[in-house]
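# When you get a sec, could you give me coordinates for this:
(one chain, ligands or ions: 2)
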Amino acid sequence: MRERLHIAFVVSELVPWVKTGGLADVSAALPKALAKLGHKVTIFVPRYGTIGFPAGEFLGSVHVPVDDPRRSAGFYHASPQPGVNVVFVEQPTFYDRPWPYGRGNDDYGDNPQRFAFLARAALEYFRSRGERPDVFHAHDWQAGLVPVYLKAFYWDDPTLYRSPCVFTIHNMAYQGNFARETLDVLGLPRHLGTADGLEYHGGISFMKGGLLFSEAVTTVSPTYAQEIQRPEHGYGLEGAVRARGGEVSGILNGVDYDEWDPRVDRFIARRYSADDLAGKAACKADLLQAFGLPAEPDLPVVGVISRLVAQKGFDIVTGAWWDLLNRPLRLVVLGTGEPAVQAGFAEMARRAPDRVAVRFEYDNALAHKVEAGSDLFLMPSRFEPCGLTQMYSLRYGTVPVVRSTGGLVDTVEPWDAVRGTGTGFRFDHADGTGLMWALDQALAEFADRPSWERLMRNGMEKDFSWERSARAYLEVYERALGQVG
Ligand code: ADP
Ligand code: GLC
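Ligands and ions are numbered 1, 2, ... in the order given. You can find the predicted model right below:
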């Protein structure tokens, strides 16, 4: 293994600058873990309108031939910690907008150009500096053209010749599928539009490009690596995944315990640990106050922090409102997303204002309070490539109740009351019956304090730190390097 690799990340979100989901956490935490192991990472991310200008020190600009030969990218550099460099890609026409992808589900019409530009700007950055990273690491469809451009235009380039690329799928449901003419718009050769190229149902798919043109492909949990080989979770690309055969590996995401650990959390009312749980009661009181719920009677609090979209399955929860309101529990919801799901939760809060409270907003500080102050954490996902919040919950002694899918299977071990093993509760059926079956077991266990504390501690002692995953990625980088000779 090489002593020091230089890895170039291409991503569309990055904490703390821009985040719509877990990808932003991973884009920051994985480079940090790689740098701690002695490697160097340069992360390319667009300078969106919500990121201040200038976003860092100006490094120059280059011409990036994508759709319009006159477009240039400006590069601005920041270094959040030693070994990690962030390069913001400045292109006002494309990125100086309020949202990264568009408003709600209304994607910007020029997203193919915007993200093709990101991919090619990263390559032109290196070419213009005569510098060659060891490996590119492209994430999700927004970076899917990185390996395509490398193969189409840079394979014999004096600087970037035969640069390998690793592609990571964070969510197969978002594929970046566009009309066939997009190839012409982007100046990509038409022969890339065939079935063994980017072709997808008569159009083209950026995700498929990432999948087929990279030296190695990973996804964010071992179970999801299996699931995307079948139609239910492959969304039409299961054949392309299978074509890569054993090369698609699942590497579980980790947790940045500098950010998500009740021993050091700067957002919560009182810090606590597995050895001293006392502070959790203060966090619960603080959470109830933040959501405007009464402190008494002392009922378990079920927490939710999520994008409220079909993937996450919260329509199952709102559909089971009658059963839920008949149970001795309280519910706090922090999330944004589909109006129908929000309306369902709002209606529950209207029916039981002393037990259900909702906040339809994005609030990181409040997310920390929900993790710390809840007793249970609910994730009824229909599919979940990895999921981070259930791993955060485990560290906070907030027992997860999850559907058995994807990364939730790999991170939440069913509680066995006889042996005192396990960390949470899982259910298979994505319906109200399944949900209540698991929740009722959890509520019964909650009533038995000694076994509940055992269950909490089992979870708190789990270690999902990034170091292990970073080492697994290093092996994949080496494998990719081996493929290009
Ligand atoms: P996904 O990426 O599918 O949304 P993950 O569990 O991987 O799911 O990551 C979700 C991330 O977004 C977590 O860091 C979570 O705390 C955060 N998050 C989601 N919704 C909100 C919200 N409304 N307010 C604050 N943080 C949120
Ligand atoms: C996606 C997935 C989520 C995963 C995250 C980070 O947003 O929906 O399950 O944890 O990416 O990999």
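# Kindly export stretch 136-147 (C-alpha atoms) in CSV.
Output of stretch 136-147 as CSV, limited to C-alpha atoms (Å, rounded to 0.1, in the frame of the first residue of the first chain):
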residue,chain,number,x,y,z
PHE,A,136,-10.6,10.3,-8.2
HIS,A,137,-13.6,9.5,-5.9
ALA,A,138,-16.9,10.6,-7.5
HIS,A,139,-20.1,10.5,-5.4
ASP,A,140,-23.6,9.9,-6.7
TRP,A,141,-25.0,10.9,-10.1
GLN,A,142,-23.9,14.5,-9.8
ALA,A,143,-20.3,13.3,-10.2
GLY,A,144,-21.1,10.4,-12.5
LEU,A,145,-19.5,12.0,-15.5
VAL,A,146,-16.0,12.2,-13.8
PRO,A,147,-15.0,8.7,-15.1
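# Apart from its chain neighbours, what residue comes closest to Met438?
I think there's a mix-up here, since residue 438 is Ala and not Met. Spatial nearest neighbour of Ala438, excluding adjacent residues (CB to CB, 6 or more residues apart in numbering): Phe427 at 3.9 Å. Quick note: C-beta positions are derived from backbone N, CA and C, even for glycine.
# Identify the residues contacting that neighbour.
By CB atoms under 8 Å, 6 or more residues apart in numbering, the contact set of Phe427 is Pro380, Val401, Val402, Arg403, Ser404, Gly434, Leu435, Trp437, Ala438.
# Narrow the residues you listed to those that are buried.
By neighbour count, with 16 or more other CB atoms under 10 Å, the contacts of Phe427 hold Pro380, Val401, Val402, Arg403, Ser404, Gly434, Leu435, Ala438 as buried.
# Tabulate the residues you listed in a markdown table, adding columns for secondary structure and distance to Glu371.
Shown next, in a markdown table, are the buried ones among the contacts of Phe427 (DSSP: H, G, I helix; E, B strand; the rest coil; distance: CB to CB, whole Å):
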| residue | secondary structure | distance to Glu371 |
| --- | --- | --- |
| Pro380 | coil | 18 |
| Val401 | strand | 14 |
| Val402 | strand | 15 |
| Arg403 | strand | 19 |
| Ser404 | coil | 22 |
| Gly434 | helix | 24 |
| Leu435 | helix | 21 |
| Ala438 | helix | 20 |
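# can I get those in CSV with distance to Val18 and pLDDT?
Compiled in CSV, the buried ones among the contacts of Phe427 are given as follows (distance: CB to CB, whole Å; pLDDT from 0 to 100):
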residue, distance to Val18, pLDDT
Pro380, 27, 98
Val401, 30, 98
Val402, 27, 98
Arg403, 29, 98
Ser404, 32, 98
Gly434, 35, 98
Leu435, 33, 98
Ala438, 34, 98
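# Taking these together, which two end up most distant?
Largest separation among the buried ones among the contacts of Phe427 by CB to CB: Ser404 and Leu435, giving 12.1 Å.
# Pull up the gap between Arg351 and Val301, please.
Distance of Arg351 to Val301, computed by CB to CB, to the nearest Å: 18 Å.
# What of Pro82?
40 Å.
# More neighbours: these two, which one.
Neighbour count, other CB atoms under 10 Å: between Pro82 and Val301, Val301 has more, with 23 against 10.
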